[in-house]
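>>> turn this into a structure:
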Amino acid sequence: SRDMASAKLFINDCKSWCRQLSPTFTDLGERLIGDADKDLRAFEVEFTNGRIIHSLTSNPDAFASRQGYFTVDEAALPRQRGDLGHPRAVRTSGQQFLGNPGEGVVVAANHLSWFDPLLLLHYSNDANRPARFLAKDSLFNLPMLGTVMSGAGAIPVHRDSANAAIAVESAVKAVQSGEAVWVYPEGTITRDPDLWPMSGKTGAARIALESGAPVIPVAHWGVQKLMGPYKVELNLIPRKTIHVEAGPPVDLDDLRELPITEDVLQVATNRILDTITNMEAELRGEDPPKGRWSMKDKKRVPIRRAL
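Numbering: from 1, shown residues only. Below is the predicted model:
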């Protein structure tokens with residue numbers, strides 16, 4: 001049937017994505033779930049990444065648009081560091097900076113694609129630090145990503161200021177309870193024409209200053225070749241190389257004893273973005289621009305680094 005064909009097409013796309021991500025992918029077979037005589041309920045394939053078994057299930061309500069979602073139970077989460085570290089797939093480093101379980105941290109990363117939350121969730125889980133993303137609410141409506149983000153306990157950020165404040169408060173409590181809270185300081189996928197980090201929101205800085213937790217910078221590069229900015233696509237051929245790197249905490253010590261004002265938050269945010277930008281520059285082998293892209297001005301503007 002047309003539904004069966006669409007389901008299999010989705011499953012085959014996801015198998016290709018898994019092979020792209022890890023050379024140890026092994027297909028364990030697929031099965032139909034539900035009553036095939038009455039209705040196609042779901043179509044599932046099991047696969048293993050080394051010793052870790054996952055399942056991937058298609059969504060029958062979304063077959064026409066080739067959407068779907070992952071179902072991964074707690075026991076299936078990756079626990080081996082470097083699991084994505086194959087030189088022809090994803091090269092990772094610096095996961096030790098994410099700290100140990102029970103140590104609250106704010107992790108700040110650049111944002112290149114709708115795919116990179118999946119990449120960074122895996123990177124954090126590999127370090128035995130399950131990630132809780134602070135993410136804008138629209139991401140929860142995206143195929144596959146929305147389900148993964150919800151299942152990972154991501155904290156949605158709504159556009160109005162009242163709900164945004166609630167999200168920050170929830171993030172502070174999560175950090176204080178020992179969790180790793182991931183934040184995109186830019187607030188959305190970069191609009192910089194050359195994909196450098198753009199001017200940011202102050203959420204990561206506020207969470208760090210209110211909680212007293214360190215800010216761990218993370219830079220990544222290459223995922224935009226797999227899925228372009230603001231595009232729903234998977235470009236699997238040729239094989240892509242993706243880099244993910246964490247660094248030591250951003251130095252905010254001189255700001256922590258000051259009242260948390262907008263000026264303090266802006267300086268702290270720019271320090272975080274400067275660090276991520278410099279890390280990304282090393283991954284790219286390029287010099288970063290002197291200014292930072294402003295969505296409001298639609299050009300690069302000077303960076304405020306002092307109070």
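>>> what about the helices in the stretch 151-300 of the chain?
161-176, 203-211, 223-226, 262-284 (DSSP state H, counting those that start in this stretch).
>>> where in the stretch 201-307 of the chain is pLDDT low?
Along the stretch 201-307 of the chain, no part satisfies pLDDT under 70.
>>> ok, now with 90
Within the stretch 201-307 of the chain, the set of residues satisfying pLDDT under 90 comprises 226-227, 231-241.
>>> make a markdown table out of the helices of the stretch 151-300 of the chain and add distance to residue 240 and mean neighbour count.
Where C-beta positions appear, they are placed from N, C-alpha and C, glycine not excepted. Formatted as a markdown table, the helices of the stretch 151-300 of the chain follow (distance: least, Cβ to Cβ, whole Å; neighbours: other Cβ atoms under 10 Å):
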| stretch | distance to residue 240 | mean neighbour count |
| --- | --- | --- |
| helix 161-176 | 31 | 16 |
| helix 203-211 | 27 | 24 |
| helix 223-226 | 5 | 20 |
| helix 262-284 | 14 | 20 |
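>>> can I get those in a markdown table with distance to residue 103?
Converted to a markdown table, the helices of the stretch 151-300 of the chain look like this (distance: least, Cβ to Cβ, whole Å):
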| stretch | distance to residue 103 |
| --- | --- |
| helix 161-176 | 10 |
| helix 203-211 | 12 |
| helix 223-226 | 27 |
| helix 262-284 | 19 |
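>>> part of a strand, is residue 108?
Yes. Residue 108 sits within a strand when classified using DSSP: H, G, I helix; E, B strand; the rest coil.
>>> for it, which residues make a bridge with it?
residue 183, residue 217 (DSSP bridges).
>>> tell me the pLDDT at it?
Per-residue confidence (pLDDT) for residue 108: 98.
>>> so it is in contact with residue 186, correct?
No. Residue 108 is not in contact with residue 186 according to Cβ atoms under 8 Å; the separation is 9.5 Å.
>>> between those two, who's got more neighbours?
A count of neighbours by other Cβ atoms under 10 Å puts residue 108 above the other of residue 108 and residue 186, at 29 against 26.
>>> about what we covered before: out of the helices of the stretch 151-300 of the chain, nearest to residue 232?
helix 223-226 (11.9 Å; Cβ to Cβ).
>>> from the contact counts, what lies against that closest one?
Contacts defined by 3 or more Cβ pairs under 8 Å, 6 or more residues apart in numbering; DSSP states H and E place helix 223-226 against strand 242-246.
>>> what angle do the strand it packs on and helix 262-284 make?
Interaxial angle of strand 242-246 relative to helix 262-284 (axes from the mean of the first three to the mean of the last three Cα atoms, to 10 degrees): 140 degrees.
>>> ok, strand 242-246: who's next to it in the sheet?
When pairing is defined by DSSP bridges, strand 242-246 lines up against strand 90-93 (parallel), strand 215-221 (antiparallel).
>>> list the contacts of it.
Applying Cβ atoms under 8 Å, 6 or more residues apart in numbering, the contact partners of strand 242-246 are 84, 89-98, 107, 119-120, 123, 216-223, 225-226, 279, 282-283.
>>> of the strands paired with strand 242-246, which is nearest residue 271?
Per Cβ to Cβ, nearest to residue 271 of these: strand 215-221, 8.6 Å.
>>> for that closest one, which outside residues touch it?
By Cβ under 8 Å, 6+ apart, the surrounding residues in contact with strand 215-221 are 94, 97-99, 105-110, 112, 116, 119-120, 123, 204-205, 208, 242-250, 252, 272, 275-277, 279-280, 282-284.
>>> what angle do that strand and helix 203-211 make?
For strand 215-221 against helix 203-211, the angle by the same axes, to 10 degrees is 160 degrees.
>>> residues in contact with the closest residue to residue 302 other than its chain neighbours?
Nearest-residue entry for residue 302: residue 291, 5.7 Å, with adjacent residues in sequence omitted and distances by Cβ to Cβ, 6 or more residues apart in numbering. If you count contacts by Cβ under 8 Å, 6+ apart, residue 291 has them with 299-303.
>>> can you tell me how far residue 291 sits from residue 276?
Residue 291 sits 15 Å away from residue 276, going by Cβ to Cβ, to the nearest Å.
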